[in-house]
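> Curious how this folds, go ahead:
(chains A and B)
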Amino acid sequence: MKTLESVLIKHPFFENLDEPYLKLITGCAANVKFESGQFIYRQGEEANQFYIIRQGKVALEVCPPGKTPVTVQTVNEGEILGWAWLVPPYRCHFDAQATELTRAIALDGKCLRQKCEEDIKLGYELLKRLLPAIGRTMEATRLQLVDVYGKRD
Amino acid sequence: MVPRPFRVKTVIQETHDTATLDLQPENPEEEFSFSPGQFNMLYVFGIGEVPISISGSSNGSDGFFHTIRDVGKVTHALINLRPGEKVGLRGPFGNPWPIEEGKGKDVVIMAGGIGLAPLRPALYALISRRDQYGDISLLYGSRTKEDLLFHPEFEIWKKKHGIQVKDTIDTGDRSWKGNVGVVTTLVSRVSFDPSNCIAMICGPEIMMKFSVLELVHAGLAEKNIYITMERNMKCAVGFCGHCQFGPAFICKDGPVFRYDRIKPFISTREL
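So this is what the prediction gives:
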C-alpha cells in the first residue's frame, strides 16, 4: 500500500519541494473517500481543507436562487480541489459535489496556513504552486464568459 | 466554377440548430472524391452560397455529408431542406488535414463546437488505418450537452478503435455526469508523446489559440500543430480576395494551415 508521502511526492503540485516541508505537509494529510452525490463542501463554509483528487470527479456548482444548480467546472483525477483556504476570508465559493466515487487526499489548510505564517519560505513555495492553478482557472473562466461556441452577431 | 446539381438524400438533425445533409450527385455518372479537411460551396438557389466543410462520405454512395449550423440566411435555408430537394455544389476546395504526415506518430485532435464536423473525416481516415498511428486522442468542447455533435459515435471510437475520447461542456446541470470546463483542460487527461505527435485543431479562433498554447505547454512543437481557418469566402478558388489572410487565401492555401506558418497573422486584429 502506498504511503501518503509517496503519493504526495509524485504529485506535480509538490514537485521539488524540500523534504522537511513534504514531511510537514504529509503530517497535515489524510485519505478521504466520497460517495457519488456526496457534498465535499458547501458554498459559504469555512475553507479549512483542500484536496488532491486521486480518483473520481468533483463538480463545482453554483446554485442561483430559484434555479437549478449549474456546474461550472469539474475537477478530475490528479487535480487540486480548493484554494480558498489560502485566501481571506477563507470561505468556500462553490458547492463541491462528487459525481462519482471519489478518493482524495485531504490537506489541512487551516494548519498549513498557520505554518505558512510562521515560515515564509513554505508560504512562498505553496503560493508558487497554487498560483498557476488559480491562473488557469481564471483563464478558463474568461473563455467560458466569452461564450466562444455561441452564435456570432 | 459552375455549381453541379446535387439532391438531398437524407437530413440528420444533429442538435437543435445543426443538421447533416447527405448530398448525392444528380448525375450518378459523375465521380467525386475529397480529402478530409476540404470544403464545398453549397448554393441554395435564389438565396446564396456558403462554404461548408465535408463531414464524411455518404455510406455506399457517391455523396457527401455536410454538417451545417444555422447561423445565417443561407445556412438556415440549407438545414431546412427536405429529402429530394436540389442544391448547387462547387468543390471540393482547399487543402487537407495532414493524415499522411501523422503516420507512425501519436495524433491529438482538438475540436470546439461545429469544429468537429471537418475533423470527423480525418478521424475516419485515421481509424481506417488504425495500425499505422500511435495513440489517437479526440478532445472535444461544446457549449452545453445538447450541443455535442456526433455524440453517439464517441463510444464506438473509444471501444472499437481505441481512441482516447474526452469531451467537456462549458456549463452543465446535474444530469450531466461528464466534464465541465474549457477544452484545453482535457489536454493533460490523455496520453501522447509530444516529441512524436501531430495535432489538428478546429473551432472558434479563440479556442484554437488557447489550445495551441496548451499543446505547446505540453511539449508539442508549433510546426506539428495544424489549425483550420475561416473567413468570408466567395469564389473559393483564390481570385476574389474575400478570404485573404495575410499573404494567403484561406480557400486556396487553406483552410488547413501549419500553425507556425500563420502564427504572425493570428493575433493581427485587422485580419
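> C-alpha from now on. contacts and neighbour counts both.
Fine.
> Give me the contact status of the helix or strand hosting B:Tyr124 with chain A.
Assigned by DSSP states H and E, B:Tyr124 belongs to helix B:116-128. No - using C-alpha under 8 Å from any C-alpha of the partner chain, helix B:116-128 stays clear of chain A, coming no nearer than 12.0 Å.
> For chain A, which residues are neighbours of chain B?
Contacts of chain A with chain B, taken as C-alpha under 8 Å from any C-alpha, map to A:59, A:68-74, A:99, A:140, A:143-144, A:147-152.
> Could you identify the buried members of these?
Judged by neighbour count, with 16 or more other C-alpha atoms under 10 Å in any protein chain shown as the criterion, the buried members of the residues of chain A next to chain B are A:59, A:69-74, A:99, A:140, A:143-144, A:148-149.
> starting at the chain centroid, how far to the lengthiest helix in chain A?
Determined from DSSP state H, the single longest helix within chain A is helix A:120-146. Helix A:120-146 has its C-alpha centroid displaced from the chain centroid by 11 Å (C-alpha atoms, centre = their mean, to the nearest Å).
> That helix packs against which elements?
Packing contacts for helix A:120-146, counted by 3 or more C-alpha pairs under 8 Å, 6 or more residues apart in numbering or on different chains; DSSP states H and E, involve helix A:109-118.
> Who are the contact partners of the residue lying closest to A:Leu122 once chain neighbours are set aside?
Leaving out its chain neighbours, the residue that sits closest to A:Leu122 by C-alpha to C-alpha, 6 or more residues apart in numbering or on different chains is A:Cys116, at 5.5 Å. By C-alpha atoms under 8 Å, 6 or more residues apart in numbering or on different chains, the contact list for A:Cys116 reads A:Leu122, A:Gly123, A:Tyr124.
> A:Cys116 and chain B: what is the separation?
29 Å (C-alpha to the nearest C-alpha, to the nearest Å).
> Look up the pLDDT of that residue for me, please.
We have a pLDDT of 91 for A:Cys116.
> Please apply the same query to A:Arg152.
Checking the pLDDT column for A:Arg152, the value is 68.
> I'd like the next helix or strand past the lowest-mean-pLDDT helix or strand in chain A.
Least confident helix or strand, chain A: helix A:4-10 with a mean of 85, by mean pLDDT, DSSP states H and E. Downstream of helix A:4-10, the first helix or strand assigned by DSSP H and E is helix A:19-27.
> Now do that following helix against helix A:109-118: the angle between them, please.
Calculated by axes from the mean of the first three to the mean of the last three C-alpha atoms, to 10 degrees, helix A:19-27 forms an angle of 150 degrees with helix A:109-118.
> Can you list the buried residues in helix A:19-27?
Neighbour counts over helix A:19-27 (16+ other C-alpha under 10 Å) mark A:Leu22, A:Lys23, A:Ile25, A:Thr26 as buried.
> near chain A, which residues of the stretch 51-200 of chain B show up?
Contact residues, the stretch 51-200 of chain B versus chain A (C-alpha under 8 Å from any C-alpha): B:71, B:112-113, B:142-143, B:170-174, B:177, B:179-182.
> Mind doing that once more with 7 Å?
Counting by C-alpha under 7 Å from any C-alpha of the partner chain, the residues of the stretch 51-200 of chain B close to chain A are B:71, B:113, B:142-143, B:170-173, B:177, B:179-182.
> just the buried members of these?
Judged by 16+ other C-alpha under 10 Å, buried ones among those: B:Gly113, B:Ser142, B:Arg143, B:Asp170, B:Thr171, B:Gly172, B:Asp173, B:Lys177, B:Asn179, B:Val180, B:Gly181, B:Val182.
> Please look at the second one and B:Phe150 and confirm they touch.
Same thing as B:Ser142. No - between B:Ser142 and B:Phe150 there is no contact under C-alpha atoms under 7 Å: 11.6 Å.
> Tell me where the stretch 51-200 of chain B has strands.
B:64-69, B:86-93, B:106-112, B:136-142, B:164-169, B:179-180, B:197-202 (DSSP state E, counting those that start in this stretch).
> would you turn the ones you listed into JSON lines with mean pLDDT?
Listed next are the strands of the stretch 51-200 of chain B as JSON lines, based on pLDDT from 0 to 100:
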{"stretch": "strand B:64-69", "mean pLDDT": "94"}
{"stretch": "strand B:86-93", "mean pLDDT": "93"}
{"stretch": "strand B:106-112", "mean pLDDT": "97"}
{"stretch": "strand B:136-142", "mean pLDDT": "97"}
{"stretch": "strand B:164-169", "mean pLDDT": "96"}
{"stretch": "strand B:179-180", "mean pLDDT": "95"}
{"stretch": "strand B:197-202", "mean pLDDT": "97"}
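> Looking at these, spot the one closest to B:Phe45.
Ranking the strands of the stretch 51-200 of chain B by their distance to B:Phe45 (criterion: C-alpha to C-alpha) puts strand B:86-93 first, at 6.7 Å.
> so what does that closest one touch, helix or strand wise?
strand B:4-15, strand B:39-44 (3 or more C-alpha pairs under 7 Å, 6 or more residues apart in numbering or on different chains; DSSP states H and E).
> Could you list the domains of chain B?
Per the record, chain B has its domains at B:4-93, B:106-228, by automatic domain parsing.
> Would you single out the least confident of those?
domain B:4-93 (a mean of 91).
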